[in-house]
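Asks: generate a structure from the sequence data that follows.
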Amino acid sequence: MRLPSTEADARADYRGILRDSGSSLEIATLCALDEVQQVLTLRPTDTDRFQAGNETARFGRLFGGQLVAQAITAAAGTITGFAPHSIHASFLRPGQPTPPLDITVDRTRDGRTMSIRRVTVQQAGRTMLTATVSFDTDPEAADDATVAVPAPAPESLPLLQHWAQQAPPELAGPANTWIDKPAPLEMRIAEAPIFLGGAQAPGSRAHWMRLPRAIDGGPQANAVLLAYASDYLLVDTAVRAYPHRVGYGTHMGLTLDHTIWLHRPVRFDRWHLYTQQAVGVGGDRALVHGTIVDIDGRHVASTAQEVLIRPRTGPTAETP
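Replies: From the prediction side, this is the model:
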């Protein structure tokens, strides 16, 4: 595979990867972002109650990042003058891509400098997610320390769709989903994820990510979409680090809970490096930690997710 050597080459690859099928990955990604912003525009149905739709299904079920982002958006709709700084979400059951969602917010606490909201997301009367969202009056970080951003630069790495094109035949169907229905962000990674034919390995793995364009709504809108994107590839990182031979053909990986802490305001149309590592694997569960650093080396967010990995006996599992 020829890797792009310049930003111009990277953009050319980005626009041309679907040329043979008569469509454009860049346009498809922009449309996916428009769709996600639409499902994050909640419709009030009563005091502290909202209804929302879903983005196009990529995995046969609702994407957890969508539910996390909608929970933050609903909670933020009940408060002014505060910025979200963390969300702790528990996934109780998988959701379906078609029925609308009903979201209820409980005003748990309103303080002078911090406020807390409890959010419940339901579909057809069944609870999909419960979450606690915390808000702060001062989203600015107390320090301006930076870390060295490791090479290589994002533009020199393959797109996730490059790996999808080269997935083995038995994974070609799910892999093509990432091309036909791309995520609403650009992701570049040095190795193939497990669900695209990559190999299991110990240690951390990182990928670059950014939105395909700037968005309106200021730091809060950017933070919500960063929270959405923070759910990508964590399950795959857990599978990658599993001490025994596992794969998506024989095992399923499901998210049990997801937490993100927001440390400073975000501009998510700029590159961010997301480093993930499984820090605890025991029985059927794995805990994955993540660190998100912007292109200037500022630590903008941290994540943690517990993943369930079990032999496959039922429907197709979520694979991001």
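Asks: helices along this protein, start to end?
Replies: Using DSSP state H, the helices of the chain run over 7-16, 25-39, 64-76, 160-165, 172-180, 218-229, 234-241.
Asks: so which of the ones you listed is nearest Thr45?
Replies: helix 64-76 (11.1 Å; CB to CB). Bear in mind the C-beta positions are built from the backbone N, C-alpha and C, glycine included.
Asks: can you pull the buried residues of the closest one?
Replies: By neighbour count with 16 or more other CB atoms under 10 Å, helix 64-76 contains the buried residues 64-76.
Asks: and these, which is closest to Thr47?
Replies: Using CB to CB, Ala74 is the member of the buried residues of helix 64-76 that lies nearest Thr47, at 12.3 Å.
Asks: shaky segments in the stretch 1-150 of the chain?
Replies: Flagging of the stretch 1-150 of the chain using pLDDT under 70 yields the residue ranges 1-23, 138-144.
Asks: swap the cut-off to 50 and go again
Replies: 1-8, 10-11, 14-16, 18-22 (pLDDT under 50).
Asks: how about the strands of it, start to end?
Replies: Here the stretch 1-150 of the chain has its strands, by DSSP state E, counting those that start in this stretch, at 43-46, 49-52, 83-91, 101-110, 114-123, 126-136.
Asks: okay, now the nearest residue to Arg245 once chain neighbours are set aside: neighbour count?
Replies: By the measure of CB to CB, 6 or more residues apart in numbering, the closest residue to Arg245 outside its immediate chain neighbours is Gln200, 7.2 Å from it. When neighbours are defined as other CB atoms under 10 Å, Gln200 has 14 of them.
Asks: got it, and Val121?
Replies: Val121 has 26 nearby residues by other CB under 10 Å.
Asks: ok, now which ones touch it?
Replies: Neighbouring residues of Val121 by CB atoms under 8 Å, 6 or more residues apart in numbering: 67, 70-71, 101-103, 127-131.
Asks: nearest to Ile116, of those?
Replies: Distance to Ile116 across these (CB to CB) is lowest for Ala131, with 10.8 Å.
Asks: check contacts around Ala229.
Replies: Per CB under 8 Å, 6+ apart, neighbours of Ala229: 65, 183, 185, 209, 268, 274.
Asks: any idea how far His162 is from the nearest residue to the fourth one once chain neighbours are set aside?
Replies: Meaning Met209. Leaving aside its sequence neighbours, Met209 sits nearest to Met187 (CB to CB, 6+ apart; 4.9 Å). Noted for Met187: a distance of 10 Å to His162, by CB to CB, to the nearest Å.
Asks: Met114 now?
Replies: Counting by CB to CB - Met114 and His162 are separated by 43 Å.
Asks: between those two, point out the one with more neighbours.
Replies: Neighbour count, other CB under 10 Å: between Met114 and His162, His162 has more, with 21 against 14.
Asks: and the pLDDT at the more buried one?
Replies: For His162, the pLDDT comes out at 95.
Asks: picking up where we left off before, closest to Ile260 among the contacts of Ala229?
Replies: Nearest member of those to Ile260, counting by CB to CB, is Gly65, at 9.8 Å.
Asks: quick one: contacts for the closest one?
Replies: By CB under 8 Å, 6+ apart, Gly65 lies in contact with 227-232, 320.
Asks: for Pro152, which non-adjacent residue is closest in space?
Replies: Counting by CB to CB, 6+ apart, the residue nearest Pro152 is Ala190, at 7.4 Å.
Asks: please look at the one you found and Ser156 and confirm they touch.
Replies: No: the criterion here is CB atoms under 8 Å, and Ala190 misses it with Ser156 at 9.2 Å.
Asks: okay, the two: which has more neighbours?
Replies: Shown here are Ala190 and Ser156; by other CB under 10 Å, Ser156 has more neighbours (17 against 14).
Asks: what about the more buried one, distance to Thr259?
Replies: Applying CB to CB to Ser156 and Thr259 gives a distance of 32 Å.
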